[in-house]
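Peer 1: fold the following, please.
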Amino acid sequence: MQNYTVLDTRYELYGDCCLYHTAMEHSFSMKAPHYHNDYEFYFLIRGNRKYFLANKICDLTPGDVLLIKNGEPHQATLDTDLPYERYLIHITPKLMNSICKEYRELADFVYTRSLKLKEETREELMEIMCLLQKEFDTRDDYSKSMIKNHITRILLLLHRAANQPGHEVALTEKNDIRLQNSINYIVEHFNENITLEQCSKIAYMSPSHFSRLFHQLTSLSFKEYLNKIRVEKACEILQERDISITELALNVGFNSSSYFSQVFKSIAGTSPITYRKNNRK
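Peer 2: Numbers count the residues shown, from 1 in each chain. Now for the predicted structure:
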C-alpha cells in the first residue's frame, strides 16, 4: 500500500532551522539509516513509530521526542498501515552552538536521546510548535530572534524532562527487548570473539530468526553491524591516542591488521592512518 500524505507543511531554512509538520495515512519504514548535517528534533503527536539510533531501539508513542545529534545515523523501522503525525525541526550547528554558549547546561545535553514527556510538558511543547510556525509565517524583523528563543525554550524544556523520573522511552515488544539485549552485548564486548550464535542465544532466538529480525531492524547483517561498532571504537581511539595499527586492530577485536584496515576504509571511507591525521584532537 502506498503512503498517503494528508498533511505536509514545510518551512525550509530560515533563522538557521527548518520546520516540518507531517501527517501520513499509512506508516512506512526506511530502507537504510540516514543522517543529517543538522541536529534533528522529532516530536510524535499521533500514532506509533519505531526508530533505531545510537545503538538503541526506540519504541515511540504519542508525546515522545527524539533529539538527534548531527551526523548520527538513524532509521525508522516500523512498517504498518497505522497513521501517524509528527513535527520535525532541523537545527543548524551554528544555531545550536550559539544557544549552547548562552546556556552552558545544554552543551552536554544536546546529544542523541529519546524522551517520554509528561502531559503538561507535551502541551507546552505543542504551544511552542504553534508559536514557531507563526514566526515562519510572519518573517518580520523580529522573527529570527523569536525562532531562536523558541528553539532554546524547547531544548530547556527537554533538559528539564530528562531530569525527571519516568522519562525513558520503554520497549513494549518482546522481540525488541531481546534484540536490544543482544545489541547491548555487542557494544560492551565488541573487542571479543563475538559470534552470531552467542547473540542469538542472548535474544532467545534461533540464529536464522535472529538474523532476519536484526537485519530488519538495522538494515545490516550481524557481521556488518559488529564491524561498524568496531570501526566506531577504533575512530575514538585514533582521535585520542598514538597507537600502532596492529595494536589498534587487536584492541577492537580484529586478528588481522590488514583485514582491519580493509574494513575500516570500507566503513570510514579512508585508511586508519589518514583518519588519525585528519581527526587527531
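Peer 1: switch to C-alpha atoms for all contacts and neighbour counts from now on
Peer 2: OK.
Peer 1: give me the nearest residue to the spatially most central residue of the chain, chain neighbours excluded.
Peer 2: Taking Cα atoms, centre = their mean as the criterion, L53 is the residue nearest the geometric centre of the chain, at 3.6 Å. Distances taken as Cα to Cα, 6 or more residues apart in numbering place H74 nearest to L53, at 4.6 Å, with adjacent residues excluded.
Peer 1: tell me the contacts of that neighbour?
Peer 2: H74 makes contacts with 33-35, 51-54, as judged by Cα atoms under 8 Å, 6 or more residues apart in numbering.
Peer 1: just to revisit the earlier point, distance-wise, check the residue nearest to the centre of the chain relative to E247.
Peer 2: 29 Å (Cα to Cα, to the nearest Å).
Peer 1: could you list the low-pLDDT ranges of the protein?
Peer 2: By pLDDT under 70, the low-scoring segments of the chain are 1-5, 28-29, 78-81, 281.
Peer 1: helices of that one, start to end?
Peer 2: Under the criterion DSSP state H, the chain contains helices at 93-102, 119-138, 143-162, 174-188, 196-202, 207-218, 222-240, 245-251, 257-268, 272-279.
Peer 1: any idea how the chain splits into domains?
Peer 2: In terms of domains, the chain is parsed into 5-162, 174-279 (source: automatic domain parsing).
Peer 1: switch those over to JSON lines; also include distance to E168.
Peer 2: Shown next, in JSON lines, are these (distance: least, Cα to Cα, whole Å):
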{"stretch": "domain 5-162", "distance to E168": "6"}
{"stretch": "domain 174-279", "distance to E168": "14"}
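Peer 1: who does the residue nearest to L53 form a beta bridge with?
Peer 2: Residues in a beta bridge with H74, per DSSP bridges, are H34, L53.
Peer 1: so what's K31 closest to, chain neighbours aside?
Peer 2: S219 is the one closest to K31 (Cα to Cα, 6+ apart), at 6.9 Å.
Peer 1: the closest residue to Q216 other than its chain neighbours: neighbouring residues, count only.
Peer 2: Setting aside the residues directly before and after it, Q216 is nearest to T77 in space (Cα to Cα, 6+ apart), at 7.4 Å. When neighbours are counted by other Cα atoms under 10 Å, T77 registers 24.
Peer 1: so what's the residue nearest to K31 up against?
Peer 2: S219 touches 31-33, counting by Cα under 8 Å, 6+ apart.
Peer 1: which residues outside stretch 200-214 are in contact with it?
Peer 2: Outside of stretch 200-214, the residues within contact range by Cα under 8 Å, 6+ apart are 175, 178-179, 181-182, 196-197, 220-222.
Peer 1: and for stretch 76-94?
Peer 2: By Cα under 8 Å, 6+ apart, the list of residues contacting stretch 76-94 from outside reads 16-30, 33, 37-52, 70, 129, 216-217.
Peer 1: repeat the analysis, applying 6 Å as the threshold.
Peer 2: Stretch 76-94 is contacted from outside by 16-30, 38-47, 49-51, 217, using Cα atoms under 6 Å, 6 or more residues apart in numbering.
Peer 1: which parts of it are buried?
Peer 2: Neighbour counts using 16 or more other Cα atoms under 10 Å place 76-78, 83-93 of stretch 76-94 among the buried residues.
Peer 1: among those, name the ones in strands.
Peer 2: 76, 84-91 (DSSP state E).
Peer 1: in the residues you listed, find the pair that's most separated.
Peer 2: Pairwise distances across these peak at 22.6 Å for Y84 and I91 (criterion: Cα to Cα).
Peer 1: distance of F210 relative to K223?
Peer 2: Taking Cα to Cα, one finds F210 at 13 Å from K223.
Peer 1: which one of those two has more residues nearby?
Peer 2: Set F210 next to K223 and count neighbours by other Cα under 10 Å: F210 wins out with 23 against 12.
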